[in-house]
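1. Sharing a model prediction with you, sequence too.
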Amino acid sequence: MKEIMVSSHAGLFWNNEKLLNRRSTDYRLALDPAEGAQPIVALGRRDYPLSWPQMRLWYSGHPDCDDALNHVPMLFRLDERTNITALCRGMQAVVARHSCLNSVFETAERGQVRTRSTGVALEVTERVLSDEEWDACLCQDVNAPFDPATTPPVRAVIYRRSGVDGVRYYLLLVFHHLVFDDASRAILLNELEHCYQAYRRGEEPALAPLSLQYGDYAVWQRGLLGSASMQARRAWWWERLKGWQPLTLPLDFRRPARFEHRGVNYAFSLPPELTARVVQVARRECITPFALYLAGFNLLLAAFSGQRDILVGTPAANRPSPQTRQLIGFFANTLPLRSRIDDDVSPSVYLRTVFKSLLQARRHQQLPLEQLLEMLSVPRDPSVHPLFQVMFTLTSAQDVKMPEWMNAECLLEYHQVAERDLTFSVMPDDAYPCAVINYATALFAPDTIACLADYYLRIMHQLLDEKTRRIGDITLIPAQAIADMRTSWQDRPYAYEFERPIWCDFVTQAQHAPQAIAVIDELGELSYGDLYRAALTLAAQLRTSAAMDGEAIAVLVDKGRAQVIAILGCSLAGMAFLPMDNTWSEIRRRDAMRQVNARLVISSHPWSVGAENTLVMISPQGQVAALPEPEHIPGPVKCAPDDPAYMIFSTDATGVITGVAVEHRSAVNSIIDVLGKMSVKAGERGFAVSALSSGISIFAIFGLLSAGGTLIMPGEKTGYQPDAWLHLIIRHRVSFWSSSPTAMTQLTEHIESQPVQPACALSKVMLAGEAVAAGLPARIRDWAPGCRVASVGGAPEGAAWSIYYEIPDAPIDRPGVPYGIPMCHQRLYVLDRCQRPLPAGLPGELYIGGEGVARCYLNNPALSDARFIWHDALGERLFRTGERVRWLPDGQLERLGRMDGREKNGGDVELPDMEHSVQLV
């Protein structure tokens, strides 16, 4: 890897400017000629006000201005023949020449900060140390804080290092960013070389006197803000940035309340053929390599964020006159660069657009960033930087002439700070071309950054490829890899047999162990044998009803055995059932029945079902008096695995309340997989707390009964009271819980409020229906030690669940609990807006394939065609969930929200349902 002299956080300002303007020898291409021509007057003072860049740094960092974030360190290995005395005198001469380097920052009575030149000579520290002491000592010197109020903002250390390679000499220079930017580096090295050679020869340096000092520029700049040209710059930036959108990148960890500047630098090589091609294309398009590398970075950010309006920052030298180009100081400004990604334009058009925007931004670079933030009314948040959180820089070692007696050494591992979320630095050096991603370790994991580096190279290769006709044609997974995905699942045999009715395993349990307890409710215990007979009796009765000519039977039954008998009776009669909830308004109930063509409803209470429908009342014991008792009880009606098992309603991905038909085979597949993953066995006692209309409740009933477990069912009146839940859990030694995270949070909060922690037998918890808060699993294990906690997810348009994640018994430092992996015989795809698969780390929309896809939306062919699609490349039918997700490097799926911004919280609640619930209360 090449040697990098300056930490990437400091910015590579001067080289950006020069690389930008290699297209022309006229520097004024990037500046306003009228402003550049205004002279700066030398005032000859000892004290000066702060410049705008200094104020930005002082007030954004103070009182934390001693943070190593604002250090600009440089390390040089010295030739063994270096004259150390001449070197020390040379450094002292350079510091004395530039008054800002020997100044302190003083606060006046009114709180105003000014700089005052001390005239004190630079103190050069000399250290003698061994190889073993080297790392610790160097790290300490690089990061030791400055006190700008009492000491000059420069540190110089000469090391005599002894080791197996003999004696080596090094020079460390550390500047505070308040007085030094990257353009100052070339000036420093040039003047140091001149002074060193003069002192080595026994002469006095003959550098031309400076026409002004940095403080003179600060005074000039502050007087410039009210000028007409500056007003014109404000107007230009307003037009350029109005309607800007903050760049939202998916984070690996929860963002701290205050930005943490711990950082790491990830360096990776740029293939020589790529850098050569960049130069070739840049010449062809009459643009700079800077613009081309930036264009590739914009496309990377678009893929990483999922946004098409990209805003990044880049440093600008902001030295408006030849006088300022001779000064060491902090002149640099940071420019926001906005790029709108249009998939339909060619790479050539996009590259020229980026270059034009870059030139225009440089022409207006003198407006201080602080003024821009104020003009745009950018909200301030201590957790993020205002306006943009990502920076792009480009530099080349060829732009700084190094003295022959010193070589730059890499300091990246000793100065590990991050100014922003991400800083992407390209260094297309002829010998060792590379790029460095500096990132905040509080936000991103190393694996994510490594993926971004790989994706940047893939994007650059395609951006430079003449075969790429449109920006939208750039992909990150090649066609062959997609074909391999298709082949892998097509050639994989089923892991188990699941093509049977949803009631089949329950019947097996009832015939094998009829005396085992199936249900415990307010009425007592109900055995498997009695439950089976009651369900078969109801099935026989239902067959006699004239309303059985519909496509499903609606079920609106209070919690308890009657609810279980009702849905089993429907299934054993060969009919799909439509589970409904008491909180639904009558309007919603009738609309649901109409959509699924259900003309018969089994209900615990009378209600207005409509003249075209038939209401059948069921008692708490599960008996239906309105239908005749059967003379004999036949067995279950056989049905095909691909017949609908149940219809379920939810607010779909577009916000419309609609129903889907879930086939027997899909439901059974999910049930078998979850039972196996959670190790649910015969005798397991599970708590049925969720509403019947949810997929969670359907699993709680059919899953427990398929495994030979026992359903513990609270009554309808106490079914939503955490204190009642806890009483039943303890009394009946419930070992398995399945609900939404919201319900589990309510139970946990109730338990946490108890003066004494209750003893319970809970050993397995399954959470479904919504995102799981990162802290919830640990809270559960506080009152249920050793409990296994898993989350399942998917869509109502699938087979209840398609995603599974076993939550480890360890702190979760991610923004949320990972979504998980695909369940057995199901496939998950993260696709972009063009429905192309995306690799790890990049957000897209979740599509479900395999056995996790429901049949269709009921009686809504237009919506079915829009959401249930055939994917030619993947070779299967998919459901488009509307969820925004990404693959993590470890193969887990992470949920990022919804594509439409809607969020669920335990289920879908519509306005009529809310009104009806209020009336019930």
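-> All right, it came through fine.

2. Any stretches of the stretch 551-700 of the chain with poor pLDDT?
-> For the stretch 551-700 of the chain, applying pLDDT under 70 flags the ranges 651-656.

3. Which stretches in it count as helices?
-> 561-572, 586-596, 664-678, 695-707 (DSSP state H, counting those that start in this stretch).

4. Which strands or helices does the first one pack on?
-> Applying 3 or more C-beta pairs under 8 Å, 6 or more residues apart in numbering; DSSP states H and E, we find helix 561-572 packed against strand 517-521, helix 528-543, strand 552-556, strand 576-579, strand 600-603, helix 695-707. To be clear about C-beta, it is placed using only N, CA and C from the backbone, and glycine gets the same treatment.

5. Output those as a markdown table; include the columns distance to Pro630 and mean neighbour count.
-> As requested, these are exported to a markdown table (distance: least, C-beta to C-beta, whole Å; neighbours: other C-beta atoms under 10 Å):
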| stretch | distance to Pro630 | mean neighbour count |
| --- | --- | --- |
| strand 517-521 | 21 | 23 |
| helix 528-543 | 4 | 22 |
| strand 552-556 | 17 | 27 |
| strand 576-579 | 19 | 27 |
| strand 600-603 | 16 | 24 |
| helix 695-707 | 23 | 25 |
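
6. do you know which of the ones you listed lies nearest Phe105?
-> Of all those, it is helix 695-707 that lies closest to Phe105, at 61.7 Å by C-beta to C-beta.

7. next helix or strand past the closest one?
-> As assigned by DSSP states H and E, the chain's next helix or strand after helix 695-707 is strand 710-712.

8. sorry, back to before: could you point out which of the helices and strands packed on helix 561-572 sits nearest Arg45?
-> For Arg45, the closest of these is helix 695-707, at 74.5 Å, according to C-beta to C-beta.

9. How far away from the center of its chain is the closest one?
-> Computed by C-alpha atoms, centre = their mean, to the nearest Å, the chain-centroid distance of helix 695-707 equals 34 Å.

10. Would you mind writing the CA trace of it as PDB?
-> The C-alpha trace of helix 695-707 is given here as PDB (Å, rounded to 0.1, in the frame of the first residue of the first chain):
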ATOM      1  CA  GLY A 695     -51.500 -14.800  11.400                       C
ATOM      2  CA  ILE A 696     -49.900 -15.200  14.800                       C
ATOM      3  CA  SER A 697     -53.200 -16.600  16.200                       C
ATOM      4  CA  ILE A 698     -53.600 -19.100  13.400                       C
ATOM      5  CA  PHE A 699     -50.100 -20.400  14.100                       C
ATOM      6  CA  ALA A 700     -50.800 -20.500  17.800                       C
ATOM      7  CA  ILE A 701     -53.800 -22.700  17.300                       C
ATOM      8  CA  PHE A 702     -52.700 -25.000  14.400                       C
ATOM      9  CA  GLY A 703     -49.100 -25.000  15.400                       C
ATOM     10  CA  LEU A 704     -49.700 -26.100  19.000                       C
ATOM     11  CA  LEU A 705     -52.300 -28.600  18.000                       C
ATOM     12  CA  SER A 706     -50.100 -30.000  15.200                       C
ATOM     13  CA  ALA A 707     -47.300 -30.600  17.700                       C
END
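
11. quick check: angle from that helix to helix 664-678?
-> Interaxial angle of helix 695-707 relative to helix 664-678 (axes from the mean of the first three to the mean of the last three C-alpha atoms, to 10 degrees): 80 degrees.

12. Buried deepest among the helices of the stretch 551-700 of the chain, which one?
-> helix 561-572 (a mean of 27; mean count of other C-beta atoms under 10 Å).

13. Run through the stretch 251-400 of the chain and note the low-pLDDT ranges.
-> Judged by pLDDT under 70, the stretches of the stretch 251-400 of the chain that qualify are 396-399.

14. any idea where the strands of it begin and end?
-> 263-269, 309-316, 333-340, 390-394 (DSSP state E, counting those that start in this stretch).

15. Which stretch among those strands approaches Gly472 most closely?
-> Of all these, strand 333-340 comes closest under C-beta to C-beta, at 13.5 Å.

16. Return the distance of the closest one from the chain's centre.
-> Using C-alpha atoms, centre = their mean, the offset of strand 333-340 from its chain centre is 22 Å.

17. all numbers from here: first residue = 307
-> In the new numbering, first residue 307, that becomes strand 639-646.

18. Which elements pack onto that strand?
-> helix 534-547, helix 595-611, strand 615-622, helix 653-669, helix 675-682.

19. Present the ones you listed as a markdown table; the columns should include mean neighbour count and distance to Ser409.
-> Formatted as a markdown table, these follow (neighbours: other C-beta atoms under 10 Å; distance: least, C-beta to C-beta, whole Å):
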| stretch | mean neighbour count | distance to Ser409 |
| --- | --- | --- |
| helix 534-547 | 14 | 27 |
| helix 595-611 | 24 | 33 |
| strand 615-622 | 23 | 23 |
| helix 653-669 | 19 | 29 |
| helix 675-682 | 17 | 22 |
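
20. just so I know, which of those lies nearest Ala1084?
-> For the helices and strands packed on strand 639-646, the distance to Ala1084 is smallest for helix 595-611, at 30.2 Å, taking C-beta to C-beta.

21. quick one on the thing from earlier: of all the strands of the stretch 557-706 of the chain, which one comes closest to Arg867?
-> strand 615-622 (57.1 Å).

22. May I see the buried residues of the helix or strand hosting Tyr365?
-> Here Tyr365, judged by DSSP H and E, is contained in helix 358-367. Neighbour-count burial for helix 358-367 flags Trp358, Pro359, Gln360, Met361, Arg362, Leu363, Trp364, Gly367 (criterion: 16 or more other C-beta atoms under 10 Å).

23. dump the residue contacts of the third one.
-> What that stands for is Gln360. Thr421, Leu484, Ala524, Phe636 (C-beta atoms under 8 Å, 6 or more residues apart in numbering).

24. can you check the first one too?
-> For Trp358, the set of contacting residues under the criterion of C-beta under 8 Å, 6+ apart consists of Gln527, Arg528, Asn639, Pro674, Glu676, Gln677.

25. rewinding a little: any chance of the helices and strands packed on helix 867-878 in a markdown table, with distance to Ser731 too?
-> A markdown table is the format used below for those (distance: least, C-beta to C-beta, whole Å):
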| stretch | distance to Ser731 |
| --- | --- |
| strand 823-827 | 65 |
| helix 834-849 | 68 |
| strand 858-862 | 62 |
| strand 882-885 | 57 |
| strand 906-909 | 67 |
| helix 1001-1013 | 49 |
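
26. For Gln551, find the nearest of these.
-> helix 1001-1013 (35.5 Å).

27. what is the orientation angle of that closest one with strand 823-827?
-> 140 degrees.

28. Helix 1001-1013 - contacts with which helices or strands?
-> helix 810-818, helix 867-878, strand 950-957, helix 970-984, strand 991-994, strand 1016-1018, strand 1042-1045, strand 1070-1074.

29. Export these as CSV, with columns for distance to Arg1133.
-> Output for those, formatted as CSV (distance: least, C-beta to C-beta, whole Å):
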stretch, distance to Arg1133
helix 810-818, 24
helix 867-878, 28
strand 950-957, 21
helix 970-984, 12
strand 991-994, 29
strand 1016-1018, 32
strand 1042-1045, 24
strand 1070-1074, 19
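
30. Out of those, which is closest to Glu429?
-> Of all the helices and strands packed on helix 1001-1013, it is strand 1070-1074 that lies closest to Glu429, at 62.3 Å by C-beta to C-beta.

31. strands paired with the closest one, and their directions?
-> Each strand paired with strand 1070-1074, and its direction, by DSSP bridges: strand 1042-1045 (parallel), strand 1094-1099 (parallel).

32. Out of the ones you listed, the one nearest Gly532 is which?
-> Taking the strands paired with strand 1070-1074 one by one with C-beta to C-beta, strand 1094-1099 is closest: 57.7 Å.

33. pretty sure Ala1090 is touching Ala1065, no?
-> No: if you go by C-beta atoms under 8 Å, Ala1090 and Ala1065 don't touch, sitting 9.9 Å apart.

34. Gln1027: what's it in contact with?
-> Contacts of Gln1027 by C-beta under 8 Å, 6+ apart are Pro1020.

35. List phi and psi for it.
-> With angles defined as degrees, to the nearest 10, Gln1027 sits at phi -120, psi 110.
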